[in-house]
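Student: Compute the structure for the input listed below.
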Amino acid sequence: MQPVLVELTTALVLAVGEISPPEVRTPVVRLGIELLPRTVDTRGRMTLEGTLVALEIRFAPATGGVAKAMAADLERLRNTSFSARVSGRGLLEHLAFPTSADANPQIAPMTGWIREALRLLLPPLPEEPVGRGARWQARRRAQLGPASADENAVYTLTEASDARLRLAVKL
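Tutor: Numbers count the residues shown, from 1 in each chain. Just a heads-up that it's a prediction; the model follows:
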């Protein structure tokens, strides 16, 4: 098993003409994931299995009430297992993350956030070797509920050592 730590936050920024309400941010959600590489086929595709072993809300004064409600909902997702298949260059070809059997409507958006985090966790890798400070981008068509959008993800390798890689992702 390989431990992975992911921190998620979302922000909503709107502007209609001259009117721009304040930015709205969610509390930071920290996910502890255990990844287990299973197989690599002759084309270099890897199959992974994973489990959400820890889910934590990072409280901030402005999000206290929201964070407490989210923490209770997130706890229901602990020990959720998933599987993924990635190409030899890191392109996510398949992700199976189950929908919660829980009827709680608050779980659905959180499950979507986690799916998106897992998708971003396995970024497409550049063809050439890279080191610390490297930047590359990936573009795709994203579905956001009933709407679709062009997504541009910029990846920056902020730390690289024998034991650890750290990527910053900006969408």
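
Student: What residues of the lengthiest helix in the chain count as buried?
Tutor: As assigned by DSSP state H, the longest helix anywhere in the chain is helix 107-121. For helix 107-121, burial by neighbour count (16 or more other CB atoms under 10 Å) applies to 107, 110, 111, 113, 114, 116, 117, 118, 119, 120, 121. Yep, even glycine has a C-beta here, placed from its N, CA and C like the rest.

Student: List the residues that contact the spatially closest residue to the fourth one that is not a sequence neighbour.
Tutor: It refers to residue 113. Of all residues not flanking residue 113 in the chain, residue 8 sits nearest, at 5.7 Å (CB to CB, 6 or more residues apart in numbering). Counting by CB atoms under 8 Å, 6 or more residues apart in numbering, residue 8 makes contact with 28, 29, 30, 31, 113, 114, 117.

Student: And residue 8, how far from residue 28?
Tutor: For residue 8, the distance to residue 28 (CB to CB, to the nearest Å) stands at 7 Å.

Student: sorry, back to before: report the two of the contacts of residue 8 separated the most.
Tutor: Maximum pairwise distance in the contacts of residue 8, criterion CB to CB, is 13.6 Å, between 28 and 114.

Student: that older thread, same list, the buried residues of helix 107-121, but as JSON lines with pLDDT and distance to residue 41 please.
Tutor: Formatted as JSON lines, the buried residues of helix 107-121 follow (pLDDT from 0 to 100; distance: CB to CB, whole Å):
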{"residue": "107", "pLDDT": "75", "distance to residue 41": "34"}
{"residue": "110", "pLDDT": "75", "distance to residue 41": "32"}
{"residue": "111", "pLDDT": "80", "distance to residue 41": "29"}
{"residue": "113", "pLDDT": "76", "distance to residue 41": "30"}
{"residue": "114", "pLDDT": "81", "distance to residue 41": "26"}
{"residue": "116", "pLDDT": "76", "distance to residue 41": "26"}
{"residue": "117", "pLDDT": "76", "distance to residue 41": "25"}
{"residue": "118", "pLDDT": "79", "distance to residue 41": "21"}
{"residue": "119", "pLDDT": "75", "distance to residue 41": "21"}
{"residue": "120", "pLDDT": "70", "distance to residue 41": "24"}
{"residue": "121", "pLDDT": "69", "distance to residue 41": "21"}
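
Student: Perfect, that will be all.
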